[in-house]
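J.: quick one, what's the 3D model for this:
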Amino acid sequence: MHKFPAALQIHPADSVAVALRAIAAGEEIAGVPATSDIPQGHKLALVDLPAGTVVMKYGQPIGRASAAIAAGDHVHSHNLVTALAGELTYRPGSVAVSVVAATGLPTWQGYLRADGSAATRNEIWILPSVGCVGITAEEIARAARERHAGRVDGVYAFAHPHGCSQLGDDLAGTRDLLAGLATNPNAAGVLLLGLGCESNQLDALLEAVPPAARGKVRLLSSQSAGDELAAAAALIDDLVEQAALAQRVELPFSALTIGLKCGGSDGFSGLTANPLLGRLAESLCAAGGRAILTEIPEIFGTEQALLDRAIDAPVFDAAAGLVNRFKRYYLDQGLPVSENPSPGNLAGGITTLEEKSLGAVQKGGNAPLVDVIGYGEQVHRAGLTLLEAPGNDAVSSSALAAAGATLVLFTTGRGTPLGFPVPTVKVASNQTLAEAKRHWIDFDASLALREGLAAADQAFAARLAAIASGEPTAAERAGQRAIAIWKRGVTL
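T.: Numbers count the residues shown, from 1 in each chain. I've put the predicted structure just below:
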C-alpha cells in the first residue's frame, strides 16, 4: 500500500498544493502552516503570491491572484481569477509525440459486425424523429423488452423534444445526431419512428445514415400506420430475429472505440480519474484502437498542448479552427469564454477554467491527435479524435455515442446517476464518492493513490474488459439511459 501525504504539489513549478484530505488550520504542509481550514480537493498556497501573480498548477498557469495570497492561505475564487480572453492565433509547436507500444491489454468478448466494427452490446434502438412520438417509442420499447427478454441485450427508446420547429443547421444537427446513433455498432437494429408531419422527415433522416448502416434500419410513420403500435412491434420482431443470431467472440482490446468524458469534476479529477483515462487512451491508441475527446469549451486555456500533438498541418488547422469557433460562439452571445467552472466544480475545489481544462485534457493522455470531426459525424481513424460538442454531460455523451463510441468513460468527482445509449462507465476521482455512491460508480480511480499507478491501470483495464463483455454498468442496472441533442437555432 502506498501512503499518500495530506497534500500534493503536482509539479515542481507549482505554487499551490492540492489537499488530499481536509486540512485543519495550523497544520503544516511542506513546512507551511495552513492559515485556515482547507477542504479536501482545494488548493493551499506554498509561497507568498502578491496580487497579479500568475498561479501555477500542473506546471501551468491557472489564473492570477486577485488579492495578495500568503503562504498557507486557501486559494480559491475569493483570491484567484481567470486570465482567459477570446480567440487566439495558434502556431504549430515543436512537441515530438512518442508512441509507446501497448502491452498487457486484456481481450474481451464482443460482437463483430459485418462492416468490421465491434460492439459491446447487441441491442435494438428506437429513435424518434420528433419529440411528439417520444413517449410512444418508450411504450413500444417496454413491450418489446418483455416480448424478447433474453434474446438480445435489450430494446431501448431514446426520446428527445426536437425534430420539429427547427430550421437550417439546427435541424441538420438533430438529423445528424440521430443518424449517427443509428450507425453505432451497439445498435444491431434500429427503428426510426416518425409522426409524419415533422420537419425531420424520415426519408431525409435515413439519407443521413451512412449507406453501410442502412440495412439494419426500419422506418415507421405513425400517421400513416393504422395501428402504429402493432406495426412497430412487427418491425422490431423482425429486427430481433436477425440480431439474435449474433454471438460474442474474443476480440483484442484495440477493437474498442471509447468516448472520453468528465462531469462534476473536483480537485481530484486532474490527479486520479482523468490521468487514469489518459493512460488507458494512450495504450488503446498505441494498439490501434480509437479514443474520442470532446467538450471543446473545457479545453480552453490548455488547447495549445493538444494542438501540438496534431499529426499534420490539416489536423492542426482543423482543431485550432474548432476551438476558436467555440470561443466565437460564446462571444457572439455576449458571454466570456471563461464562463465555467460550474457550482459543483467550485465546491470540489476547481477555481478557474484554466485549472479545469488542464485536468480535463488529461483524458486524452499524450496520444497523437489524428483527426477532427463535426457534431454528428463518425470517427474513422485509429488514434485520438477531437469531436465538436459542448461540455454539457448529456449533449456531449450523446455525441460520443453518435460518433461511434461503444463505451463512454465518464470521470466524476461529484457523481451523477445518468447514463447514455452505450455503456457509461462512471469513474470516481475520490474514495469518498466511490464508497458513498456505489450504485452510481463503476471504478474508484483513487486506487492509484493507495496502491500505485500500475495497479490502478491493470484493474481499470480488466474492469473495462468485463463491462465490454457484457457486465452491466451501474447506470445500466438502474435503467439510466438518455440522449440530449444540441439545440443551437431558433424555434418556430
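
J.: show me what the lowest-mean-pLDDT helix or strand in the chain is packed against.
T.: Across the helices and strands of the chain, mean pLDDT, DSSP states H and E gives its lowest value to helix 353-360, namely a mean of 86. Packed against helix 353-360 by the contact rule (3 or more Cβ pairs under 8 Å, 6 or more residues apart in numbering; DSSP states H and E) you find strand 60-65. In this view, the C-beta of every residue, glycine as well, is placed from N, C-alpha and C.

J.: so what are the sheet partners of the strand it packs on and their directions?
T.: Neighbouring strands of strand 60-65 in its sheet, by DSSP bridges, are strand 54-57 (antiparallel), strand 80-81 (antiparallel).

J.: which strands or helices does the very next helix or strand once past it pack on?
T.: Toward the C-terminus, strand 60-65 is succeeded by strand 74-75 as the next helix or strand (DSSP states H and E). Packing contacts for strand 74-75, counted by 3+ Cβ pairs under 8 Å, 6+ apart, involve strand 43-45.

J.: mean confidence for the strand it packs on?
T.: Averaged over strand 43-45, pLDDT sits at 95.

J.: which helices and strands does it pack with?
T.: By 3+ Cβ pairs under 8 Å, 6+ apart, strand 43-45 packs against strand 16-19, strand 74-75.

J.: got a list of contacts for the longest one?
T.: Translated: strand 16-19. The contact list for strand 16-19 (Cβ atoms under 8 Å, 6 or more residues apart in numbering) reads 6-10, 29-30, 38-46, 55-57, 75, 267-268, 271, 349.

J.: can you report how many residues neighbour Asp332?
T.: For Asp332, the neighbour count with other Cβ atoms under 10 Å is 8.

J.: quick one, helices of this protein?
T.: Per DSSP state H, the chain carries helices over the ranges 134-147, 168-183, 202-208, 228-243, 273-286, 303-307, 313-332, 343-347, 353-360, 393-403, 431-436, 447-451, 453-468, 474-477.

J.: need these in JSON lines with distance to Val249, can you?
T.: Formatted as JSON lines, those follow (distance: least, Cβ to Cβ, whole Å):
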{"stretch": "helix 134-147", "distance to Val249": "25"}
{"stretch": "helix 168-183", "distance to Val249": "21"}
{"stretch": "helix 202-208", "distance to Val249": "30"}
{"stretch": "helix 228-243", "distance to Val249": "15"}
{"stretch": "helix 273-286", "distance to Val249": "19"}
{"stretch": "helix 303-307", "distance to Val249": "35"}
{"stretch": "helix 313-332", "distance to Val249": "33"}
{"stretch": "helix 343-347", "distance to Val249": "41"}
{"stretch": "helix 353-360", "distance to Val249": "35"}
{"stretch": "helix 393-403", "distance to Val249": "23"}
{"stretch": "helix 431-436", "distance to Val249": "33"}
{"stretch": "helix 447-451", "distance to Val249": "31"}
{"stretch": "helix 453-468", "distance to Val249": "12"}
{"stretch": "helix 474-477", "distance to Val249": "21"}
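
J.: domains for this structure, by residue range?
T.: 7-81, 123-245, 252-477 (automatic domain parsing).

J.: on that earlier part again, turn the strands paired with strand 60-65 into TSV, including distance to Ala141, mean pLDDT and mean neighbour count.
T.: Below are these laid out as TSV (distance: least, Cβ to Cβ, whole Å; pLDDT from 0 to 100; neighbours: other Cβ atoms under 10 Å):
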stretch	distance to Ala141	mean pLDDT	mean neighbour count
strand 54-57	46	94	22
strand 80-81	48	95	20
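
J.: in the chain, which strand is the longest?
T.: In the chain, taking DSSP state E as the definition, the longest strand is strand 187-194.

J.: show me what it pairs with in its sheet, parallel or antiparallel.
T.: Applying DSSP bridges, one finds strand 187-194 paired with strand 123-128 (parallel), strand 217-221 (parallel).

J.: for the ones you listed, which one ends up most surrounded?
T.: Ranked by mean neighbour count, the strands paired with strand 187-194 are led by strand 123-128 with a mean of 27 (mean count of other Cβ atoms under 10 Å).

J.: mind checking which of the strands paired with strand 60-65 is nearest Arg91?
T.: Nearest of those to Arg91, taken as Cβ to Cβ: strand 54-57 at 21.0 Å.

J.: from the chain's centroid, how far away is the closest one?
T.: Relative to its chain's centre, strand 54-57 lies at 27 Å (Cα atoms, centre = their mean, to the nearest Å).

J.: what about Leu251, distance to Gly110?
T.: 5 Å (Cβ to Cβ, to the nearest Å).

J.: who's more crowded, those two?
T.: Shown here are Leu251 and Gly110; by other Cβ under 10 Å, Gly110 has more neighbours (27 against 20).

J.: tell me the pLDDT of that one.
T.: According to the prediction, Gly110 has pLDDT 98.

J.: quick check: bridge partners of it?
T.: Counting by DSSP bridges, Gly110 is bridged to Val249.
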